[in-house]
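1. Sequence below, structure please.
(2 chains)
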Amino acid sequence: MQSLTDVLQYLPLFYSGIGMTVLLWLASLAVATVLGLLLALASWSSIPVLSQAASTYVLFIRGVPILVQIFYIYFLLPSIGVTLPAYWAAVAGLGLAFSAYMAEVFRAGILAVDTGQVEAATSLAMPPLVIARRVIVPQAVRTALPGYSNIVVMMLKTTSLASVIAVPEMSRTAFLLVQATYKSIELFTLLALLYIAISIPLIILIRRMERR
Amino acid sequence: MTEALFGFLPNLLSGVKLTIVIALSAIALATALGLCLEMLRWTGFGFLKRLNVVLVVVLRGVPTLVFIYYVYFALPALGIALSPIVAGIIALAVAHAPYMAENMRLSIEAIDRGQSEAAVSLGMSKALMMRRVIIPQATRYFMPPYGNSIVMAVKDSSLCAVITVAELTRQAQILASETFRTMEVFSQAALLYVSICVPFIFFIRYFERRLSKEAAR
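-> Okay, the predicted model is just below:
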């Protein structure tokens, strides 16, 4: 029990880091969701240039480590005149990286919609955008939801990568505190517990949805 | 132009070797750990089954980077000091183990119930049934996600750069800070990562195609 209080006494120092992690998570989640949806629709569309471009983008992004993508955005953009603060570079890096995974999940959801549905909508003379909005998306959401929430959990964990470009989120806080106090076990245990505490409700939610 | 495209490749290649070594050893270890996790579920004890669920949920909740920090910076405080490479491999393996276990569970659950019922009615023991009936069939379903795990491990190995393992990303960082040619160096590193992953992506596609062919039959 002694050790538990040892661990918990550092909790107040983590408050701002927790806030930053959650902010990063939600912002990059928004970017990834919107971009992923656009990518999925692009690869589903019948315009060859669009679908080809989308699938090439997805293949490439999925082949490159997210850490490298974050470095790329943070260290490279300044050389073409765009300087992003570390936080926004991390949001952009995480958002772009996960948009590819999102696109795959959404695409699987779209493909699971029966083609008869699309044919029926077409024969009712619905324009493609209306078909996407009214017929495909509402049905695709149900199939894509488990995969989507899995990625949401993955994204929470991946925000830890922002620490390497000095975004002051939870991992960065822990790392700096360890250097100051040498309490590596206590601090990293607390860090792990914090991530688990944030993600466990989500993981349980996913299990519920999968069972359905 | 050719320098911009290929100039740093010779310097990056030693990093590629280490990246592959780390990724493959981590996957081998993760497979073993994942199998141990999954086997907890096969036993008759409810306690062990629950342990499997708890471990999978808890391990999946912790970022890979935190595992790496933990193994490299926290374990020495307990008297276990590991070299950066070994620490990286162990951390990656622990981070991947729950995913392995989940993939094994899903591929076993994909097999028709009738198979295990038939095996039981023939009087096979549980171990024999697993070895002769379930596992050989589950392997087919397991291969595509396994390839995926390998690709993920190749990319996750980049995290070892933060504990000074001289793999591809670390080499790129060093080169970039020496030459200030950040754009070229990281573009080439990205290209190298893609080319390491491509064979495994084909591996996944091959097994996926085989599965869908079987399903069509």
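2. chain center to the worst-scoring helix or strand of chain A on mean pLDDT, what's the gap?
-> Ranked by mean pLDDT, DSSP states H and E, the helix or strand of chain A with the weakest confidence is helix A:2-8, at a mean of 74. How far helix A:2-8 lies from its chain's middle: 32 Å, per Cα atoms, centre = their mean, to the nearest Å.
3. I'd like the next helix or strand past that helix.
-> helix A:11-44 (DSSP states H and E).
4. For that following helix, name the packing helices and strands.
-> With contacts defined as 3 or more Cβ pairs under 8 Å, 6 or more residues apart in numbering or on different chains; DSSP states H and E, helix A:11-44 has these neighbours: helix A:48-63, helix A:86-112, helix A:137-158, helix A:170-181, helix A:184-211. The way it works is simple: take the backbone N, C-alpha and C, and place the C-beta from them, glycine included.
5. just the ones you listed: most buried one?
-> Of all the helices and strands packed on helix A:11-44, helix A:86-112 has the most neighbours on average by mean count of other Cβ atoms under 10 Å in any protein chain shown, namely a mean of 22.
6. Tell me which residues are up against the next helix or strand after it.
-> Using DSSP H and E, the helix or strand that directly follows helix A:86-112 along the chain is helix A:115-123. With contacts defined as Cβ atoms under 8 Å, 6 or more residues apart in numbering or on different chains, helix A:115-123 is touched by A:Val130, A:Ile131, A:Arg134, A:Val135, A:Ile136, A:Gln139.
7. Could I get the buried residue list for helix A:115-123?
-> Across helix A:115-123, burial judged by 16 or more other Cβ atoms under 10 Å in any protein chain shown covers A:Val118, A:Ala121.
8. Hey, what's the angle from that helix to helix A:137-158? Just curious.
-> 120 degrees (axes from the mean of the first three to the mean of the last three Cα atoms, to 10 degrees).
9. in chain A, which residue is closest to the centre?
-> A:Met155 (3.8 Å; Cα atoms, centre = their mean).
10. ok, and what's touching stretch A:204-212?
-> Residues contacting stretch A:204-212 (Cβ under 8 Å, 6+ apart): A:Leu145, A:Pro146, A:Ser149, A:Asn150, A:Val153, B:Val57.
11. let's see 6 Å
-> A:Leu145, A:Pro146, A:Ser149 (Cβ atoms under 6 Å, 6 or more residues apart in numbering or on different chains).
12. Narrow the contacts of helix A:115-123 to those that are buried.
-> Using 16+ other Cβ under 10 Å, the buried ones in those are A:Ile131, A:Val135, A:Ile136.
13. Let me have those in TSV, adding distance to chain B and pLDDT as columns.
-> Formatted as TSV, the entries for those read as follows, by distance: Cβ to the nearest Cβ, whole Å; pLDDT from 0 to 100:
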residue	distance to chain B	pLDDT
A:Ile131	27	88
A:Val135	26	89
A:Ile136	23	86
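14. can you redo those residues as CSV with distance to A:Pro168?
-> Formatted as CSV, the buried ones among the contacts of helix A:115-123 follow (distance: Cβ to Cβ, whole Å):
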residue, distance to A:Pro168
A:Ile131, 45
A:Val135, 45
A:Ile136, 41
